[in-house]
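> Sequence and predicted structure below; questions after.
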Amino acid sequence: MDIGAVQKEYESLKAKGLKLDMSRGKPSPEQLDLSLGLLAINAYKDNTGADARNYGYLEGLPEARDFFAPLLGVNTEECIVGGNSSLELMYHCVNLQPNRGKWICPVPGYDRHFRISEKLGYELLSVPMTANGPDMDSVERLAADPKVQGIWCVPKYSNPDGYTYSGETVKRLASMETANPNFRVFWDNAYAFHFLDPERQDYLLNILDECRAADKADRPIIFCSTSKITFAGAGVAALGASANNIRIISNYFSSMTIGFDKLNQLRHTRFFQAEGGIDAHMSKHAAILKPKFQTVLDIFEREFRHCPELAHWTVPRGGYFISLFLRPGNAKKVVELCKNAGVILTEAGAAYPYGTDPDDSHIRIAPSYPGVSELGQAAKLLALSVKLAAGGQ
């Protein structure tokens with residue numbers, strides 16, 4: 001590797017004055033435009049005659065519950081349809097746990113999950129992610145501690161690796177023995193429908209069915225939202241759980257609200273009916289996203305073909321992210337080099353509890369927002385920054 005030539009290329013790209021923010025997985029304007037039809041829907045009564053303009057229906061509009069329940073893999077009475085934020089639902093459900101203690105965090109993982117647990121006073125316990133999901137030997141060992149209250153999971157096209165949990169992993173999470181009888185599996189299926197190729201979708205076992213089979217029906221709380229399906233700031237979130245858990249959660253919510261935004265719930269159910277379902281709508285997203293992912297992956301392959309020791313990365317079939325793994329000690333340098341040249345990446349360490357990657361080797365790549373041409377420049381700059389950081393060691 002000719003470090004002088006690399007430096008020259010880096011300076012040339014820096015001189016272009018790039019201004020790209022890839023720090024979060026934001027939908028592009030083209031993706032948001034796919035849902036503009038929502039704004040034209042003015043219905044206010046659902047198919048049962050329930051009036052979405054008025055008080056009531058704490059668990060969600062009946063039509064909305066019927067729609068979201070199968071997406072969560074639960075029955076209608078096991079579903080609550082909320083407001084726009086699944087993170088808000090998660091926060092409240094973590095807060096419902098009877099005791100503070102410890103929480104298992106697969107890494108790399110979703111920083112906002114970790115922030116919820118930390119904010120509510122939990123000690124965060126890292127376990128490594130594998131291509132099949134969290135390392136279950138580590139999970140089962142930690143779950144033998146009665147202070148451990150639960151685990152975060154993004155089971156399909158995980159954030160940030162893009163992995164989907166194997167059937168064995170799902171079954172072990174459902175059936176494993178835990179010292180804490182209130183141990184919960186927080187199943188954030190945020191990317192359940194975010195495939196990149198409609199013909200190559202991953203399959204995920206139903207966690208509630210597996211927990212029922214293991215006589216542990218109260219273990220999982222399942223979450224989803226339309227935040228990256230329709231409008232990121234004005235979607236609909238929902239949760240699914242056992243009837244017992246739904247009763248507990250509903251009682252908790254009843255002290256906070258008389259009901260969530262039912263007009264938005266109704267708009268979304270009618271919109272997806274008109275679109276022909278979630279998969280039909282998400283195929284439009286895939287057509288926009290797949291070329292962006294491929295652009296990044298192609299550049300990584302080309303740039304590191306002759307120096308594979310510098311980097312390796314995941315090749316997801318869905319979701320919003322790519323995990324890039326570098327030589328230990330290099331991630332922060334690379335993020336800083338990119339920032340200095342006008343490309344803002346997620347902070348190194350963000351995908352780890354307390355924002356600290358002990359190896360300083362991981363960067364979460366979010367290809368969704370920039371255009372393909374801009375993304376090509378950003379990926380090239382990133383590759384050059386990796387080489388410069390490694391050359392300085």
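Arrived safely. None of the values given here were measured: they were computed from a predicted structure.
> what sits up against stretch 5-16?
Applying C-beta atoms under 8 Å, 6 or more residues apart in numbering, the contact partners of stretch 5-16 are Leu337, Asn340, Ala341, Gly342, Gln377, Lys380, Leu381, Leu384, Ser385, Lys387, Leu388, Gly391. Every residue, glycine included, has its C-beta placed from N, CA and C.
> just the strands in this structure please.
20-22, 79-81, 102-107, 123-130, 133-134, 148-153, 184-188, 220-225, 237-240, 311-313, 322-326, 343-345, 362-365 (DSSP state E).
> Pipe the ones you listed into CSV and attach mean neighbour count and mean pLDDT per row.
Formatted as CSV, the strands of the chain follow (neighbours: other C-beta atoms under 10 Å; pLDDT from 0 to 100):
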stretch, mean neighbour count, mean pLDDT
strand 20-22, 19, 90
strand 79-81, 26, 98
strand 102-107, 24, 98
strand 123-130, 18, 98
strand 133-134, 26, 98
strand 148-153, 25, 98
strand 184-188, 25, 98
strand 220-225, 26, 98
strand 237-240, 27, 98
strand 311-313, 18, 98
strand 322-326, 21, 98
strand 343-345, 22, 96
strand 362-365, 26, 98
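> Would you tell me which of the ones you listed gets closest to Pro353?
Closest to Pro353 of the strands of the chain is strand 123-130 (C-beta to C-beta; 3.6 Å).
> can you map out the helices along the stretch 101-250 of the chain?
Using DSSP state H, counting those that start in this stretch, the helices of the stretch 101-250 of the chain run over 111-119, 136-142, 167-175, 207-213, 243-253.
> May I see those organised as CSV, with mean pLDDT and mean neighbour count added?
What follows is those, written out as CSV (pLDDT from 0 to 100; neighbours: other C-beta atoms under 10 Å):
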stretch, mean pLDDT, mean neighbour count
helix 111-119, 97, 19
helix 136-142, 98, 16
helix 167-175, 98, 19
helix 207-213, 98, 20
helix 243-253, 97, 15
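> Format those as CSV; extra columns: distance to Gly277.
Output for the helices of the stretch 101-250 of the chain, formatted as CSV (distance: least, C-beta to C-beta, whole Å):
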stretch, distance to Gly277
helix 111-119, 28
helix 136-142, 34
helix 167-175, 24
helix 207-213, 22
helix 243-253, 25
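> Quick one: closest of the ones you listed to Ala234.
Of these, nearest to Ala234 by C-beta to C-beta is helix 111-119, at 18.3 Å.
> Alpha carbons only: can I get that closest one in CSV?
Taking C-alpha atoms only, helix 111-119 is exported to CSV below (Å, rounded to 0.1, in the frame of the first residue of the first chain):
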residue,chain,number,x,y,z
ASP,A,111,-27.3,2.4,20.9
ARG,A,112,-30.8,3.7,21.9
HIS,A,113,-31.7,0.3,23.4
PHE,A,114,-28.6,0.6,25.6
ARG,A,115,-29.4,4.2,26.5
ILE,A,116,-32.9,3.2,27.8
SER,A,117,-31.5,0.5,30.1
GLU,A,118,-28.7,2.8,31.3
LYS,A,119,-31.1,5.7,31.9
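> So which elements touch it?
On a contact count with 3 or more C-beta pairs under 8 Å, 6 or more residues apart in numbering; DSSP states H and E, helix 111-119 meets helix 86-95, strand 102-107, strand 123-130, strand 148-153.
> quick check: angle from it to strand 148-153?
170 degrees (axes from the mean of the first three to the mean of the last three C-alpha atoms, to 10 degrees).
> Quick one: work out the angle between helix 111-119 and strand 184-188.
Using the same axes, to 10 degrees, helix 111-119 lies at 150 degrees relative to strand 184-188.
> outside of helix 111-119, which residues touch it?
The contact list for helix 111-119, computed with C-beta under 8 Å, 6+ apart, reads 87, 90-91, 94, 103, 105, 124, 152, 154, 186, 188, 350-355.
> cool, and stretch 141-151?
By C-beta under 8 Å, 6+ apart, stretch 141-151 touches 94, 97, 99-106, 122, 125, 127, 134, 139, 173, 176-180, 182-186.
> From the opening residue of stretch 326-343 to its closing one, how far?
Terminal residues of stretch 326-343 lie 18 Å apart, using C-alpha to C-alpha, to the nearest Å.
> Contacts for that stretch, please.
Residues from elsewhere that reach stretch 326-343 (C-beta under 8 Å, 6+ apart): 10, 13-14, 16-20, 22, 309-311, 344-349, 357, 359-363, 378, 381-382, 385-386, 388-390, 392-393.
> what does stretch 353-365 give?
The contact list for stretch 353-365 (C-beta under 8 Å, 6+ apart) reads 22, 105, 107-108, 111, 114, 118, 124-126, 159-160, 296, 313, 321-332, 334-335, 345-352, 382.
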